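>>> pasting the sequence and the predicted model now:
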Amino acid sequence: MDKPDKMFLIYYVLHFLASFSNSINNFISWFAMALTDILCIHDLEKAAQGMLSQPILDYFNDGSGDGVALMENISAFEKYKIRPRILRNVSNIETKKRALGSTMSFPLAIAPTAMQCMAHEEGEKATARAAARANVFMGVSTFATTTLEDIKQSGDCLCDNVYMLQLYIFKDRHTTEILVKRAESAGYKAILLTCDTPRLGNRHSMIRNNFRLPSHLQLPNFDQYIGKEKLGDVKYPNTTDDNITWDETLLWLRSLTKMEIWLKGISTAEDVELAVQSSANITGVIVSNHGGRQLDSALSTLDSLSECVKAAKSKDKSFQVWFDGGIRKGCDIFKALALGADGVMIGRAVLWGLTMGGEEGVFKALSILKAEFELTMALSGCRTLSDIKSSNLARKAEGGFFTRL
Ligand SMILES: Cc1cc2nc3c(=O)[nH]c(=O)nc-3n(C[C@H](O)[C@H](O)[C@H](O)COP(=O)(O)O)c2cc1C
Ligand SMILES: CCCCCCC(=O)C(=O)O
C-alpha cells in the first residue's frame with residue numbers, strides 16, 4: 001500500500017468511528033484532516049470517493065452527455081500559462097474584495113449546490129459555518145436539504161456573512177414568490193437566478209442509477225409543492241418553468257424584491273448585453289455552464305469568459321462578471337481574474353470537503369484555495385487584485401506555442 005492509500009485508510013477508519021457519536025464527529029474530522037495530509041483539492045476529491053454510495057458520488061461528480069463540457073471546463077485552464085513579473089515587493093499581499101455591500105476574504109464564493117446532506121449529515125449548515133469562518137460568501141440552492149433560514153442562522157452563530165439564494169422558478173409562481181420573500185426577510189443579500197436549466201441536462205449516471213434523494217432527507221424549502229418522490233425523474237421539467245424570459249420573468253422577479261439579482265448560467269456576449277440593458281436592474285452575471293451538467297458540448301466557461309467580460313465592461317464598468325466551472329487550484333482563480341472576472345465560485349471542491357470532513361472539510365477546501373491563490377499572486381509579482389492583468393497570461397496558439405495576451 002503506498003502512502004496516500006494508507007492515509008485514506010486511516011481516514012476511513014476514523015470516519016467510521018466518528019459515525020457512532022455526533023459529539024466527537026467534529027473533533028475526529030479535524031484530527032483526521034491533520035493526520036491525513038490533505039494538501040490540495042485533488043486529495044479531497046480522492047478522499048471523498050470512498051465515502052459515498054455510487055449514485056450520490058456520480059450525482060456530485062458527473063456531467064451531462066459524454067462529459068465533454070465538464071472535462072473541458074478543467075482542461076481549458078491549461079491553455080493559459082502565467083507570465084510572472086519579478087522584483088515587485090510582494091511582502092504584503094492584499095486579497096480582500098468588496099461585493100454586495102460587504103467584504104470577502106478573497107474573490108471566491110461558494111456556488112449553490114443541491115442536496116448537501118447527502119455529503120454529510122450536517123450538510124448546508126456545516127458549509128455555512130465554514131464559509132462564515134473563512135469569510136467567503138455562500139450561494140444556497142433552491143434544492144437545499146436544509147431550510148434557507150436554518151442555513152443562515154448556522155453561519156450567523158459564528159459571524160455575519162453574505163448569503164445568496166439560488167432560484168429555480170417553478171411553474172407555480174406562488175411557490176417561487178414565497179421562496180424569494182422568505183430569503184429577503186431572513187437577510188439574504190441576492191437572488192442568483194439560474195438561467196441554464198429550463199430542463200435538466202441529460203445526465204446518464206442519474207438515469208442508470210435511478211437516482212433518488214435518500215428517504216431520510218427532505219427539500220424543505222419547497223417540497224410541500226414538488227414532492228421528493230419526483231426528484232430525478234422526468235417530472236423535473238414539469239415542475240420548474242421552462243418559459244422564463246428576459247422581459248416577463250425578470251421584471252416579475254424585480255417586482256418581488258429589493259435584493260440584488262444576478263443571472264447564473266450565462267455564456268455569450270449577446271446575453272450579457274441583454275443583462276446589462278435589462279430594466280430589472282441586474283447587478284451581475286455568473287459565467288457558468290452549470291459545471292458541465294447541462295448542455296454538453298457547450299463552450300468551456302473559461303473560453304466564454306473573455307467575450308462576456310468585454311460585452312459587460314464596454315457598456316458598464318461596474319457591472320459584475322463572476323465565473324464558475326473547473327476551479328480546482330489557486331492558479332485557476334488567478335487565470336480567471338486575469339481574463340477579467342470580478343470573482344469566482346466553486347461547486348464540487350466544497351462538496352468533496354464536506355463529504356470528507358463536514359465543516360472542517362469545507363474550511364480546509366477554502367483555506368487551500370486561498371493559500372494557493374495568495375502564493376500564485378506572490379510568485380507572479382501581483383500584490384493587489386488590481387495588479388492581476390491579462391498581460392500576466394500567455395495563451396496556447398497554433399503549433400502549441402504560447403503567446404502573451
Ligand atoms: C452536485 C451539484 C449540484 C448542483 N446544484 C446546483 C443548483 O441547485 N443550482 C444551480 O444553479 N447550480 C447547481 N450546480 C452548479 C454549481 O452551482 C456550479 O455552477 C458548478 O458546480 C461549478 O463547477 P465546479 O463544480 O467545477 O466548480 C450544482 C453542481 C453540482 C456539482
Ligand atoms: C434531481 C434534480 C436536480 C435539481 C437541480 C439541482 C442542480 O442544479 C444540479 O445541477 O443537479
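Received, thanks. Ligands and ions are numbered 1, 2, ... in the order given.
>>> for ligand 1, what are the nearby residues on the chain?
Counting by C-beta under 6 Å from any ligand atom, the chain comes close to ligand 1 at 59-60, 73, 111-114, 141, 143, 166, 194, 264, 288, 290-291, 293, 324-327, 346-348, 351. In this view, the C-beta of every residue, glycine as well, is placed from N, C-alpha and C.
>>> what confidence value was assigned to residue 233?
With respect to pLDDT, residue 233 has a value of 55.
>>> nope, residue 130 is what I meant
98.
>>> neighbours of it, just the number please.
Using other C-beta atoms under 10 Å, residue 130 has 28 neighbouring residues.
>>> are any of the residues of the chain next to ligand 1 buried, and which?
59-60, 73, 111-114, 141, 143, 166, 194, 264, 288, 290-291, 293, 324-327, 346-348, 351 (16 or more other C-beta atoms under 10 Å).
>>> from the residues you listed, which ones fall inside helices?
Using DSSP state H, 59-60, 73, 348, 351 are the members of these that sit in helices.
>>> which pair of those residues spans the longest distance?
Farthest apart among those by C-beta to C-beta are 59 and 73. That separation is 17.4 Å.
>>> quick one: the residue of the stretch 251-400 of the chain found nearest ligand 1 and ligand 2, what's the gap?
Nearest residue of the stretch 251-400 of the chain to ligand 1: residue 347, at 2.1 Å (C-beta to the nearest ligand atom). Residue 347 sits at a distance of 9 Å from ligand 2 (criterion: C-beta to the nearest ligand atom, to the nearest Å).
>>> got a pLDDT number for that residue?
At residue 347, pLDDT is 99.
>>> can you pull the contacts of the residue nearest to it when sequence neighbours are not counted?
Nearest non-adjacent residue to residue 347, counting by C-beta to C-beta, 6 or more residues apart in numbering: residue 111, 4.2 Å away. Contact analysis of residue 111 by C-beta atoms under 8 Å, 6 or more residues apart in numbering lists 139, 286, 288, 291, 324, 345-347, 350.
>>> same check on residue 180?
Per C-beta under 8 Å, 6+ apart, neighbours of residue 180: 165, 167, 191, 253, 256-257, 259.
>>> quick one: mean pLDDT over the helix or strand hosting it.
In the assignment (DSSP states H and E), residue 180 maps to helix 173-186. Per-region confidence: helix 173-186 scores 96 on mean pLDDT.
>>> now it: buried residues?
In helix 173-186, counting by 16+ other C-beta under 10 Å, buried: 175-180, 183-184, 186.
>>> could you identify the pair within the residues you listed that is furthest apart?
Farthest pair in these, by C-beta to C-beta: 175 and 186, 16.7 Å.
>>> for the stretch 1-150 of the chain, give me the ranges with low pLDDT.
Along the stretch 1-150 of the chain, the model assigns pLDDT under 70 to residues 1-26, 29-31, 34-35.
>>> residue numbers of it in contact with ligand 2?
114, 143.
>>> and the strands in the stretch 1-150 of the chain?
Ranges of strands in the stretch 1-150 of the chain, per DSSP state E, counting those that start in this stretch, are 80-82, 97-99, 102-104, 108-110, 138-140.
>>> would TSV of these with mean neighbour count be doable?
Formatted as TSV, the strands of the stretch 1-150 of the chain follow (neighbours: other C-beta atoms under 10 Å):
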stretch	mean neighbour count
strand 80-82	19
strand 97-99	16
strand 102-104	15
strand 108-110	26
strand 138-140	26
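>>> the ones you listed: which one's closest to residue 279?
Closest to residue 279 of the strands of the stretch 1-150 of the chain is strand 97-99 (C-beta to C-beta; 22.3 Å).
>>> note down every partner strand of that closest one and its orientation.
Paired strands of strand 97-99, with direction, are strand 102-104 (antiparallel) (DSSP bridges).
>>> picking that back up, and of the contacts of residue 111, the nearest to residue 64?
residue 291 (9.7 Å).
>>> pretty sure that closest one is touching residue 325, no?
Yes. Using C-beta atoms under 8 Å, residue 291 is in contact with residue 325, at 5.9 Å.
>>> common neighbours of the two, please.
Joint contacts of residue 291 and residue 325 (C-beta under 8 Å, 6+ apart) are residue 73.
>>> got the phi/psi numbers for residue 401?
phi -80, psi 150 (degrees, to the nearest 10).
>>> how close does it get to residue 81?
Taking C-beta to C-beta, to the nearest Å as the measure, residue 401 falls 11 Å from residue 81.
>>> now do residue 161
Counting by C-beta to C-beta - residue 161 and residue 81 are separated by 35 Å.
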